[in-house]
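[1] Give the three-dimensional model of this entry:
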Amino acid sequence: MKFFTDFLFKKEIGQVIPDLKIHGKPAPYGVINERAIRATAGIMFTLGLITFFIVFSTKNFTLLYPTLAAFWIQFFITVFFGPQYAPFSIIGRWIVSKQQPEYVGAIQKRFAWGIGLVMATTMFLVTAVGGITGMIPMSICLVCLSFMWLESAAGICVGCKIYGWLLSKGYIQTPEHKPACPGGACSLDFSQKK
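    Reported below is the predicted structural model:
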């Protein structure tokens with residue numbers, strides 16, 4: 001377990017941009033483009049919602065597996081290698097490539113993607129391995145869709161909020177620098193912990 005948490009919380013993610021300032025404060029840590037992340041979440045939300053309604057209306061869970069596999073691959077790549085290699089992220093970056101980037105800290109986003117990976121893995125175990133259909137997988141799917149909608153439409157990263165709460169309680173190690181969140185939506189005030 002220590003290897004996993006060390007990997008997730010100590011391995012640098014994102015791009016360190018020299019002399020970058022976010023909201024007037026230096027950002028000497030890995031950052032990612034929030035616009036690309038929101039575009040990616042929008043793509044995944046759309047695909048997930050279409051799949052949800054098809055599976056819900058037909059009760060044919062085999063149609064879920066290609067979407068589930070695509071989501072699992074996306075989350076696995078973003079957590080362990082970074083969003084620059086993940087398929088939906090590549091499309092999301094392309095969609096917003098003509099817009100000015102809005103940089104935010106990457107560490108809390110990685111945590112949020114980790115939650116997505118846990119949900120995708122749980123869905124796989126519940127449906128493909130366990131053969132369970134009905135309310136349990138549909139509930140997991142609705143939670144995941146809600147998280148993606150909040151990210152893409154409202155700019156609220158639920159995983160980032162959970163990350164901030166875990167930091168405030170001392171459950172995870174405080175990073176050296178407080179990462180910036182879009183519009184302060186996931187305020188990570190842990191200066192008193194230092």
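
[2] Can you tell me the closest non-neighbouring residue to the most centrally placed residue in the chain?
    Nearest to the mean C-alpha position of the chain, by C-alpha atoms, centre = their mean, lies residue 113 at 3.1 Å. The spatially closest residue to residue 113, leaving aside those adjacent along the chain, is residue 78, at 4.5 Å (C-beta to C-beta, 6 or more residues apart in numbering). C-beta coordinates here come from the backbone N, C-alpha and C atoms, glycine included.

[3] Need the per-residue pLDDT for that neighbour.
    Residue 78 is assigned a pLDDT of 96 by the prediction.

[4] That one against residue 114, yeah?
    No - at 9.0 Å, residue 78 does not count as touching residue 114 under the criterion of C-beta atoms under 8 Å.

[5] out of these two, which sits in the busier spot?
    Set residue 78 next to residue 114 and count neighbours by other C-beta atoms under 10 Å: residue 78 wins out with 26 against 18.

[6] So which bits of stretch 25-39 are buried?
    Using 16 or more other C-beta atoms under 10 Å as the test for burial, stretch 25-39 gives 27, 29-39.

[7] how long is it end to end?
    Using C-alpha to C-alpha, to the nearest Å, the end-to-end distance of stretch 25-39 comes to 26 Å.

[8] now, the most widely separated pair of the buried residues of stretch 25-39?
    Taking C-beta to C-beta as the measure, the buried residues of stretch 25-39 span a maximum distance of 22.4 Å, between 29 and 39.

[9] For this structure, which segments are assigned as strands?
    21-22, 25-26, 31-33, 103-105 (DSSP state E).

[10] Check which helices and strands the third one sits against.
    Just to be clear, that refers to strand 31-33. Helices and strands touching strand 31-33, by 3 or more C-beta pairs under 8 Å, 6 or more residues apart in numbering; DSSP states H and E, are strand 103-105.

[11] Kindly report the same for the last one.
    If you count contacts as 3+ C-beta pairs under 8 Å, 6+ apart, strand 103-105 packs onto strand 31-33, helix 34-58.

[12] quick one: that strand to chain centroid distance?
    In terms of C-alpha atoms, centre = their mean, to the nearest Å, the centre of strand 103-105 is found 13 Å from the chain centre.

[13] Contacts for that strand, please.
    14, 17, 20, 22, 27, 29-34, 37, 177-182 (C-beta atoms under 8 Å, 6 or more residues apart in numbering).
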